[in-house]
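Trainee: Provided below for reference: sequence and predicted model.
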Amino acid sequence: MLFYFTGTGNSLYIAKQIEEHPISIPQAIHRDSLSFTADQIGIVAPIYGHEAPPIVKEFIKKADFNTDYFYLILTYGNRHGGAAELAKRMCEDYGIKVNYINVIRMVDNWLPSFDMAEQTQLDKNVEGQLSSILADIKDRKQMISPVTEADRAAHREFLERKSRLPTDAWQHLLQIKENCTGCSICAKVCPSASIRLVNGKAAYFPGNCQTCLACVHACPHKAIGLTIPEKNPNARYRNAHISLREIIQANQQI
Ligand SMILES: Cc1cc2nc3c(=O)[nH]c(=O)nc-3n(C[C@H](O)[C@H](O)[C@H](O)COP(=O)(O)O)c2cc1C
């Protein structure tokens, strides 16, 4: 049994290499019962600010996993900042024994820092990293991916910068532009129903936004941008193995 969360398809691609039919967290989280029993249970999700996204943390906190082998695979782009160690601590805080946590470096979809045209040209050896992760899971390896002092320092520095921002800063990250045609793709790819059509145009309802950027990357007209500068406002990203339809199936709420 494998759960996943994705904004732009990296984590779904990895999840699909592990199991044919992984389960979407934004959909599973609404089930009446969150008690799951299986021989092995895994979660694949992106790293946001060196940690699991809020909806993934909420799912892990609420769910009851009955398994002998619980694992996490965290996809990231440039700097994991000790995410494996932080995720282990989170699981322990929620009373979950975690057997294996690994990170996998892929395209970084964080638009303020990265140009998607450049990112897609880099060879991050995703297939090589993936094949060793697949072998580890098959062997039920017990491992938490190693973390260095530099990773911990990067996370401390990140937290320090974050503490200087208003607590709801990320809820004001998105802006919908004049050229919105009301096609509703943004609303369909949003995992938290934070974008809905109002009078035939996309409207943003902050509060529960995951900042996954699914809407920004999926808009065919580039009509959703950020309220902070982007490296390249004309470049958008979706994992090459994943279709728009799959992102919609993964996240659709309305
Ligand atoms: C809000 C946000 C925060 C991110 N934070 C980090 C980070 O701290 N370190 C990193 O290396 N990548 C970071 N990324 C990049 C993603 O982790 C990476 O591109 C991931 O593979 C995207 O997965 P997805 O395609 O399944 O959404 C961030 C992306 C977003 C949208």
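Mentor: Received the coordinates, thanks.
Trainee: does the ligand sit close to stretch 128-146?
Mentor: No - applying Cβ under 6 Å from any ligand atom, one finds stretch 128-146 out of contact with the ligand, separated by at least 11.8 Å. Just so you know, the C-beta spots here come from the backbone N, C-alpha and C atoms, and that holds for glycine as well.
Trainee: typo on my end, stretch 192-211
Mentor: Yes - using Cβ under 6 Å from any ligand atom, stretch 192-211 comes into contact with the ligand via Thr211.
Trainee: Can you list the buried residues in that stretch?
Mentor: If you call a residue buried by 16 or more other Cβ atoms under 10 Å, then stretch 192-211 has these buried ones: 192, 194-195, 202, 204, 209-211.
Trainee: what about stretch 22-33, distance to the chain center?
Mentor: In terms of Cα atoms, centre = their mean, to the nearest Å, the centre of stretch 22-33 is found 15 Å from the chain centre.
Trainee: hmm, back to that, go through the buried residues of stretch 192-211 and name the one nearest the ligand.
Mentor: Nearest to the ligand, judged by Cβ to the nearest ligand atom, of those is Thr211 at 4.2 Å.
Trainee: got the residues of the stretch 1-150 of the chain near the ligand?
Mentor: Going by Cβ under 6 Å from any ligand atom, the residues of the stretch 1-150 of the chain near the ligand are 6-11, 46-50, 75-81, 106-110.
Trainee: quick one: which of these sit in strands?
Mentor: Assigned to strands by DSSP state E, the following of those qualify: 46, 75-76.
Trainee: most neighbours, which of the residues you listed?
Mentor: Thr75 (31 neighbours; other Cβ atoms under 10 Å).
Trainee: Can you name the residues bridging to that one?
Mentor: Pro46, Ile104 (DSSP bridges).
Trainee: Now do the strands in this structure.
Mentor: Using DSSP E, strands in the chain cover 2-4, 23-24, 35-37, 40-46, 64-66, 69-76, 100-105, 143-144, 174-176, 195-198, 201-204, 224-226.
Trainee: I'd like these as CSV, with mean pLDDT and distance to Asn239 appended.
Mentor: Below are the strands of the chain laid out as CSV (pLDDT from 0 to 100; distance: least, Cβ to Cβ, whole Å):
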stretch, mean pLDDT, distance to Asn239
strand 2-4, 99, 12
strand 23-24, 98, 15
strand 35-37, 98, 26
strand 40-46, 99, 11
strand 64-66, 98, 27
strand 69-76, 98, 10
strand 100-105, 98, 12
strand 143-144, 98, 25
strand 174-176, 97, 21
strand 195-198, 97, 21
strand 201-204, 98, 23
strand 224-226, 97, 19
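Trainee: Including distance to Arg152, could those go into TSV?
Mentor: Converted to TSV, those look like this (distance: least, Cβ to Cβ, whole Å):
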stretch	distance to Arg152
strand 2-4	27
strand 23-24	32
strand 35-37	32
strand 40-46	20
strand 64-66	27
strand 69-76	16
strand 100-105	14
strand 143-144	14
strand 174-176	31
strand 195-198	36
strand 201-204	35
strand 224-226	28
